[in-house]
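Asks: Sharing a model that was predicted from the sequence below.
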Amino acid sequence: MAFETTQLGTGVDAIAPDGSEIRFLGQRAGGSFVHCTLPVGGVSLAVRHRQVEEIWYFLSGKGEVWRAQDDVEAVVPVGAGTALTIPAGAHFQFRNTGDAPLALVLATMPPWPGAEEAVRVADYWQTAP
């Protein structure tokens, strides 16, 4: 396996199926790692993942994350230093409630397979039309 070294830039590598901005940081056989931002006032689309699980770690900004699975549902405040998990199949949505971009890094296990992995679900928060 080759070594990878990445420098976070200001450009966006992709727009996630939920509408957030993605910058690729690295990938191995067991998972992928990205930097994600949601702009001021941004609200992601609500989705669920078919198979992948994620761990999110927030770097800056303020926001909220809604997660629901089976009979468990919660909205949690997030900001610098908050970590959370997104189990496979869980419905989730997040929004920026602060005055700066909401920034996080996230690990996806196994690696993100493509846009078909995300399935649109009913929004918890209203999104722009």
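Replies: Thanks, I have the structure now.
Asks: Relative to the host helix or strand of Val76, what are the paired strands and their orientations?
Replies: Assigned by DSSP states H and E, Val76 belongs to strand 72-79. When pairing is defined by DSSP bridges, strand 72-79 lines up against strand 62-69 (antiparallel).
Asks: which residues in the protein form strands?
Replies: In the chain, the strands defined using DSSP state E lie at 14-15, 21-28, 31-38, 47-49, 53-60, 62-69, 72-79, 83-86, 91-96, 102-109, 118-120.
Asks: Would you mind giving those strands as a markdown table with distance to Leu8, mean pLDDT and mean neighbour count added?
Replies: All C-beta spots, glycine's among them, are computed from the backbone N, C-alpha and C. Converted to a markdown table, those look like this (distance: least, Cβ to Cβ, whole Å; pLDDT from 0 to 100; neighbours: other Cβ atoms under 10 Å):
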| stretch | distance to Leu8 | mean pLDDT | mean neighbour count |
| --- | --- | --- | --- |
| strand 14-15 | 14 | 94 | 12 |
| strand 21-28 | 6 | 95 | 16 |
| strand 31-38 | 6 | 97 | 20 |
| strand 47-49 | 24 | 98 | 20 |
| strand 53-60 | 10 | 98 | 17 |
| strand 62-69 | 20 | 98 | 19 |
| strand 72-79 | 19 | 98 | 13 |
| strand 83-86 | 19 | 98 | 16 |
| strand 91-96 | 19 | 98 | 23 |
| strand 102-109 | 9 | 98 | 20 |
| strand 118-120 | 23 | 97 | 14 |
